[in-house]
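Student: below is the sequence, then the predicted model.
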Number of protein chains: 2
Amino acid sequence: MAHTNQSIDQRSINTIRFLSIDAIQKANSGHPGLPMGAAPMAYVLWNRHLRFNPKNPKWFNRDRFVLSAGHGSMLLYSLLHLTGYDSISIEDIKQFRQWGGRTPGHPENKKTPGVEVTTGPLGQGVANAVGMAMAEAHLAARFNKSDCKIVDHYTYTLMGDGCMMEGISSEACSLAGHLGLGKLIALYDDNRITIDGDTDLTFTEDVGKRFEAYGWQVLTVDDGDSDLDAISTALDDARTQTDKPTLIEVRTTIGFGSPAKAGTSDCHGAPLGPEEVAATRKMLGWNHDPFVVPDDVAAHMGTSIERGARLEPEWDDVFAKYKTKYPTDATAFENLISGDLPEDWANDLPSYGPNDKKNATRGHSGKCINALADSISGLIGGSADLAPSNKTIISGSGNFARGAYHNRNLRFGVREHAMGAICNGLALHGSGLVPYCATFLVFADYMRNAIRMSALCGARVIYIMTHDSIAVGEDGPTHQPVEQVASLRTIPDLVVIRPADGNETSGAYMAAVSDRNRPTLLALSRQSVPNLDGSSAEAVSRGAYIIANCKGQPDLILMGTGAELSLCVEAGKVLDGEGIPTRVVSIPSWELFDEQDEVYRESILPAAVTRRLAVEAGVSFGWLRYTGSHGSVIGVDRFGSSAPGNTCLEKFGFTTDNVLKEAKKLLSR
Amino acid sequence: MAHTNQSIDQRSINTIRFLSIDAIQKANSGHPGLPMGAAPMAYVLWNRHLRFNPKNPKWFNRDRFVLSAGHGSMLLYSLLHLTGYDSISIEDIKQFRQWGGRTPGHPENKKTPGVEVTTGPLGQGVANAVGMAMAEAHLAARFNKSDCKIVDHYTYTLMGDGCMMEGISSEACSLAGHLGLGKLIALYDDNRITIDGDTDLTFTEDVGKRFEAYGWQVLTVDDGDSDLDAISTALDDARTQTDKPTLIEVRTTIGFGSPAKAGTSDCHGAPLGPEEVAATRKMLGWNHDPFVVPDDVAAHMGTSIERGARLEPEWDDVFAKYKTKYPTDATAFENLISGDLPEDWANDLPSYGPNDKKNATRGHSGKCINALADSISGLIGGSADLAPSNKTIISGSGNFARGAYHNRNLRFGVREHAMGAICNGLALHGSGLVPYCATFLVFADYMRNAIRMSALCGARVIYIMTHDSIAVGEDGPTHQPVEQVASLRTIPDLVVIRPADGNETSGAYMAAVSDRNRPTLLALSRQSVPNLDGSSAEAVSRGAYIIANCKGQPDLILMGTGAELSLCVEAGKVLDGEGIPTRVVSIPSWELFDEQDEVYRESILPAAVTRRLAVEAGVSFGWLRYTGSHGSVIGVDRFGSSAPGNTCLEKFGFTTDNVLKEAKKLLSR
C-alpha cells in the first residue's frame, strides 16, 4: 500500500491532512486550511517531542498541548485518533460536528478526553497555555528536589494569525515574557491568511520583534511545509532556552496541497468541495479512500502508545523514589493533585455577630482568602493591578515571580482578559489548584469571554469583583458597575454571589470552593457594611434565605443582595414596629436559589405573598423573577455619576427612608 | 508675586500641578500622581503645539487631545481652565468629583465641552484616538486639494503604563501602525509605577521595541520632568514623520515634587494628604494658596485664547477659498460635518413582500448598508476579519488603507475590542461620520466595554452582530451566542434590535441612523428567514407591533424576535385555524418599546391577556417583563452544542410544533 516515493513522515502528515479534509467534507462544515498547513509541525511535535500517554489522558506529568487556533479542531482530533486515544475512534471522526458527538466544531475539554481546554474564541488558548505553564512552574518550585523532579513537563500551544491579533494574546504573552516561563513553547502557524484575505490587509507588524520585546526567544522555520528537521531542531532549541518562553514562527501554506485553494482564504473556513478534495488527493499522491488510515501510518503513529506506556511508569518510578526520600512532601503533593480538600477546610473561615466591626465585603473577602490559604494549599491568585483595592494578597506568601514561582500571589498587571484565561489554564492544569483573580466589577466587561469560557470549560475559577455598585462614588460612571451583576447572571453555568456581610462572604467562599466544576463570581462592596443579625454563611449555598421574619404570614417581603440588604433589614424593623408583618429575604445568589427544590423556594418566597420589594444597586433587569408582576424594584436603570459614594446611594434612592416609601407605595396598591 | 527663580514655563507647570493637587485634596479623592508627573509634557503640548480654540471647543479643524489615562482627569481640567475654556471655571475645579458637576472623576465628553471623549477604562482612549486619526485621514483624503487643505489636524493622546498593558491598546496600535497614521502622536507617560507598585512587578517588556514592531516611529525623552525643549523637539519630530504614527516615551516621575511620595504608587490614586501637600508646596517653592492661579501664569496660559481667535479664522479663510474654487466639494463637506442627513436618506432602503426570496437578516443588513452608502456619505465601517460572514462590504468603495484613506471599507483585523473603541473615535470626531462595525454576536463579549463606552459617550455607532443564536450550528457553543442578547439589553442607553426579516432589518437601520446620540446593536441571523406578511420597517422604531391579529380580544399572545418570529406567525395561523384567537407580536427592540407611552404599550400587550408565550433563541432572562408571571418562554437556558443549525434549532425546541405545544400547555392552565 505504501507509496514508495513518500516517507513514513510524509504519509503520516498526509493522513492527518486527509482525515481532516474528509471529515470536514462529510460534515460539509469546518476549517480545512489550518490542519492542512499545520500538519507538518503538529506531526513533528506529537510524534517526536510531546510526552503523553494516550491510554491515560490525565497522566499528571504529561506535556500539555493547547490548540489556541481552535477552529483547526480536526488537526487535534486526527492526532488524538492516530496516537491512540480511545476518545476518538474513526467513527467519531466521521461524526465531526454532529449532535451529541465527541468531535464538536471547536475542541471541548468536557466532551473529549485528551482535549486539555475548550478553545475557539481566538487568543484564549495561548493565555490558557500561559496559565498551564505557570501551574507547572509553581508546582515544580514547590515540590521538585535537586535530585528528584516530579513536576517536569512543557506546555505547547499552536497559534494562528487571529490569535496574534487579539489583545488577549498580547497581554498573556507580555506577562509570560516578564515571568520568564521557559517551559512554554508557542508554535505560530504563520500562513499570512485570515478570513478576510491576506494579512497585508490588516496585519503587517513584525511579530517576531514584538515577541522579542516581550522577552521571548524567537525562532523561525522558513519552510514549515516540508522542512521537518528544522521544525524538530527549533523545538529542541526551544527547550534548551530555560528562562524565556519561545515563539517558533513556522512559515506555512494554508490549505497545503489544494491546487486551487492553497495559500488563499478560500480554504480557511469552508470545506474544499468534492472536486477540490479529489484534486488535492491527486496533488499529494494520496490514493486512499476517505477516512482510511494506512496500516504503516497506524503503526508508526501508534508508537505513541508504547512510548506512553513507558513514560508514565518511568514517572511512577521517580515519584516512588520521591515518596521514599520525601514522604511529607509526597503526601502534600498527592493531596494537592487529587483535588480533594481536607475535611475541615472551611473551619477557619471567619464568622461574625452584629456587634462586630463594619467592614466592606471586599475586606471580608481578603480575610477569607487568608483564612483559607493554609488549609487549601492550592489556593493561588491575584489581581489585575488592583491588589490593594481588591484585597487579594495572601499575607503569608510572596509574589509569584521569576525565581520565586513557589509563591502564591499572582501579579497580573493591567491585563484583565488574559488574567481570566490564565486562571482557566491554572484550573484545567488539573493539579488541584484553586485559582482566583480580581478586578473592579465594572471591568468584568474586559474579561467577559474568559469568564464565559470558565463556565463552558467547567473551570473552578473564583472571580473576585470588588467595587460592585454606584457606591464606588467619585470615580464616576466609567468605574461604577450598573448592569454588570445582571449581565453576569445571564451566563449559563456561572454562579454569581453578592454577599451582604461577613458571614455571607464566608459562605460565598464555602460555596465557591465546593463547586469543583464551575466558576463563581463574587460581587463585593467597596464600602463598609454592617454585620447583620441572622446572616448565615451556611445558607449562602441555598442562594436565598429568610434573614428576618415576622410572625405568621407576611404582608410584604423585602429582598436584597449585597450592601443593600441592610436597608431591607432596617426597613423591615420599622415596618414590623408599625404592625406591618414583614419578611426580609437575603438572596446572595440567584443561580443557587433557582437550583433549590420547589418546597424550599416556596418556603422562602411564598406564592401567596405578592407584595415584594427588591433592593439592589444595579439594573432592575431580571428581578421580576422574584418580585412577580405585583412587586417592584429599587434599582439603578441608568449610568451612575461621579460623587461621593454616600451621595450616589442617596441620590439613587438607596436609603432606608426610600425603601420604606416604596414599600408603603406597594402596600397601598 | 513671581518667584524670580522660576521661569514662566515652570510656574505654569506648577500651577497645573497644584490645581490638580488641591482639587484632589479638597475632594479627598482622585489621582494626583499623573497630573504631577505629566504636567511638563502636557504643558508643552498645550502651550506650544496644540491647535485649538478654547472659545469654540467644537471648531472642526482643532487638534484632538485624548487623555487615555483618564484617571489623570485633573490634568485635563487644569489645562482646560488655564487655556480659557468657559466650561471649567475655578469653581468647577473646586467641585471636582461632586454630584452634578462638570469635573467628574474621569473625563466625560457629555458633561464637559473640551473633553473629546469619555475615558477612564484603560486603553480605550488610545483606541479612540486611533479612530479620530482615521477620521481625519479619511476626510483629508476625500476633501483636501493639493492647493487647499481644509482637513488638517493632529490627534494626540496621553497614555500611561496601564493603557500599555491592556490588550486593546495592542490591537489599536498594531492597526494604527499598519495603516501608517502619520498624524497620530502618543505621549507615553513612562513613570514605571502602577497601582500595585513598580512596573518591575509585572511589566518589563521593551515598549519602544514593541511599537517599532507595529511600524511606529519611537522617540524618547529621557528627562520628562524638566527637559521641556526635548519634549518640544520630540513633538516637532513626530509631526515631521508623516507616514508612521509616533510614540514619544517620556520618562517621568509620578507625583513629581512630593518629597515622600514621588516615584511611588502611594500617589497614584489617593490624595497626598494635607501634610504632604504642604511639603510638596515647599519642595516646589510654591507659596500660593490652594486654587490660586498667579496672574502671570493666567496671562501666559491664556494666550491660547488669542491663538485660538487667530487659528479658527485662518481656517475659515482657507475654507472660504476652498468654497470658491471647489463649491461642490465644499457643499458636500458642509453637509457631511453638519451631521444632518438628506431628508430622503432612508428612501433607498429595501422593502419586501412575503413572496420575496428568503434571506438571512445579515444578508438584508448588507443590502441596507449598500442602499445607504450613497445617501449617507459619512457611512464608514467594516468587520473584525469577518467581512464575508458579516456582509459589511460597501461594494462601491475600496479598502481604507495606507494611500487610500478615502475609502470607506474598514478592515479591523481580528481586533474586536479596538474596533469598538475606534468606532467611538470615528463618531466623536464630530464630523458626521456614521461608523459601523461587525463581528459574530458571541464576540460582543470581546468588546463589551467599548460598547458600554459608546452608550456612555453618546456615540452613534452601529454594531452589526451576526450569527445571533444556536442556529450558528456546527461551530458549537464557543461560537453560539446564548446569553449575549439578554446581557446587551442590560446596558443603559444602548438600543438592541433583533429584526425578524427584510423589512425589519431596513427598519433597524432607520432607527439606528436616526438615533444621533446613541449606539444601536443589531443582532442578525446567520440562517435564512422568510419575509413575513405584515412585517413593518416603520414599526421597528416603536420597538414592538402586532404582526398578525385575531378578531376581537385574543386568548393568547405569541411574541418573538428575530428569526424565531416566523415560528410564532406559523403557530398563530394554526391556532387561529383551530378557533383560538391569537395575536402575534413582533418585539424587535425592548428598549424602543419601553420608551413608548402606556397607551401604545397597552394596545400591543393588553394587560387583560395574561396567556403569553415568548419565543427567542437565547436565555429567557428578562422576558418576564413581557410574558408576565402567567406566561412562559421558549428559550435556551444553557450553552449550545455543535451540530447543523437546523438540528440545533429542533433539539432546543425552535419548531412550530413545539411553539404549538407550549401554547396549548399555557391555554390549558
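Tutor: Received, thanks. Predicted, not measured: the structure shown is a model, and the values here were computed from it.
Student: only C-alpha atoms for contact and neighbour calcs from this point on.
Tutor: Fine.
Student: the residue of the stretch 51-200 of chain A at minimum distance from chain B - nearest residue in space that isn't next to it in sequence?
Tutor: Here the stretch 51-200 of chain A gets closest to chain B at one residue, A:Gly167, 3.6 Å apart by Cα to the nearest Cα. Nearest non-adjacent residue to A:Gly167, counting by Cα to Cα, 6 or more residues apart in numbering or on different chains: B:Gly167, 3.6 Å away.
Student: wait, the one you found touches A:Glu166, no?
Tutor: Yes: with contacts counted by Cα atoms under 8 Å, B:Gly167 reaches A:Glu166, the gap being 7.4 Å.
Student: please report phi then psi for the residue nearest to A:Gly167.
Tutor: In terms of degrees, to the nearest 10, the main-chain angles of B:Gly167 are phi -60, psi -30.
Student: just to revisit the earlier point, tell me how many other residues crowd the residue of the stretch 51-200 of chain A closest to chain B.
Tutor: If you count neighbours by other Cα atoms under 10 Å in any protein chain shown, A:Gly167 ends up with 30.
Student: which bits of the stretch 551-669 of chain A sit near chain B?
Tutor: A:619, A:621-625, A:628-629, A:637-639, A:641-644, A:647-648 (Cα under 8 Å from any Cα of the partner chain).
Student: tell me which of those fall in helices.
Tutor: Per DSSP state H, helices hold the following members of those: A:Leu624, A:Arg625, A:Thr647, A:Cys648.
Student: quick one: contacts for the closest residue to A:Lys261 other than its chain neighbours?
Tutor: Nearest-residue entry for A:Lys261: A:Cys267, 5.8 Å, with adjacent residues in sequence omitted and distances by Cα to Cα, 6+ apart. By Cα atoms under 8 Å, 6 or more residues apart in numbering or on different chains, the residues touching A:Cys267 are A:His31, A:Pro32, A:Gly33, A:Ile254, A:Gly255, A:Lys261.
Student: got a pLDDT number for A:Cys267?
Tutor: pLDDT for A:Cys267: 93.
Student: do A:Thr4 as well
Tutor: pLDDT, A:Thr4: 55.
Student: how far away is the residue nearest to A:Lys261 from A:Asp196?
Tutor: Counting by Cα to Cα, to the nearest Å, the gap from A:Cys267 to A:Asp196 is 12 Å.
Student: now stretch A:358-378: mean pLDDT?
Tutor: Across stretch A:358-378, pLDDT averages out at 97.
Student: so what does the worst-scoring helix or strand of chain A on mean pLDDT touch, helix or strand wise?
Tutor: Lowest mean confidence among the helices and strands of chain A (mean pLDDT, DSSP states H and E): strand A:193-194, at a mean of 88. Strand A:193-194 sits against helix A:161-165, with contacts defined as 3 or more Cα pairs under 8 Å, 6 or more residues apart in numbering or on different chains; DSSP states H and E.
Student: quick one: distance of the helix it packs on to the chain centre.
Tutor: The chain centre lies 19 Å from the centre of helix A:161-165; the measure is Cα atoms, centre = their mean, to the nearest Å.
Student: let's see it as PDB, backbone CA atoms only.
Tutor: Only the C-alpha atoms of helix A:161-165 are listed here, as PDB (Å, rounded to 0.1, in the frame of the first residue of the first chain):
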ATOM      1  CA  ASP A 161      -2.700  35.000  12.900                       C
ATOM      2  CA  GLY A 162      -6.000  35.500  14.600                       C
ATOM      3  CA  CYS A 163      -4.600  34.600  18.000                       C
ATOM      4  CA  MET A 164      -1.800  37.000  17.300                       C
ATOM      5  CA  MET A 165      -4.100  40.000  16.600                       C
END
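Student: ok, then the element right after it?
Tutor: Under the assignment DSSP states H and E, the closest C-terminal helix or strand after helix A:161-165 is helix A:167-179.
Student: so what touches that next one?
Tutor: Counting by Cα under 8 Å, 6+ apart, A:123-124, A:126-127, A:130, A:163-164, A:211, A:214-216, A:244-245, A:401-402, A:412-413, A:415, A:417-419, A:422, B:165-171, B:202-205, B:415, B:417 sit against helix A:167-179.
Student: just the ones of these in helices?
Tutor: A:124, A:126-127, A:130, A:163-164, A:211, A:214, A:417-419, A:422, B:165, B:167-171, B:417.
Student: now do the host helix or strand of A:Thr331: which elements does it pack against?
Tutor: Here A:Thr331 sits within helix A:327-338, counting by DSSP H and E. In this structure, helix A:327-338 packs against helix A:303-325, with contacts taken as 3+ Cα pairs under 8 Å, 6+ apart.
Student: tell me which helix or strand comes right after the least confident helix or strand of chain A.
Tutor: strand A:197-198.
Student: that next one pairs with which strands, and in what direction?
Tutor: strand A:193-194 (antiparallel) (DSSP bridges).
Student: how about the residues of the stretch 151-300 of chain A by chain B?
Tutor: Contact residues (Cα under 8 Å from any Cα) of the stretch 151-300 of chain A with chain B: A:162-163, A:165-171, A:174-175, A:177-179, A:194-196, A:201-207, A:209-211, A:213-215.
Student: check the stretch 401-550 of chain A too.
Tutor: Proximity of the stretch 401-550 of chain A to chain B (Cα under 8 Å from any Cα) is limited to residues A:401, A:411-417, A:443, A:445-449, A:453, A:456, A:474-476, A:478-479, A:483, A:486-488, A:490-493.
Student: redo that, cut-off 7 Å
Tutor: Residues of the stretch 401-550 of chain A found near chain B (Cα under 7 Å from any Cα of the partner chain) are A:411-415, A:445-446, A:448-449, A:474-476, A:478, A:483, A:487, A:490-492.
Student: could you list the low-confidence segments of chain A?
Tutor: The model of chain A has pLDDT under 70 over residues A:1-4.
Student: domain parsing of it, as residue ranges.
Tutor: Following automatic domain parsing, one gets these domains for chain A: A:8-307, A:345-529, A:541-668.
Student: chain B versus the nearest residue to A:Leu532 once chain neighbours are set aside, what's the distance?
Tutor: Distances taken as Cα to Cα, 6+ apart place A:Pro354 nearest to A:Leu532, at 5.2 Å, with adjacent residues excluded. Look at A:Pro354 and chain B: by Cα to the nearest Cα, to the nearest Å, they are 30 Å apart.
Student: residues near A:Gly302, how many?
Tutor: A:Gly302 has 18 nearby residues by other Cα under 10 Å.
Student: since that was my last question, I'll sign off now.
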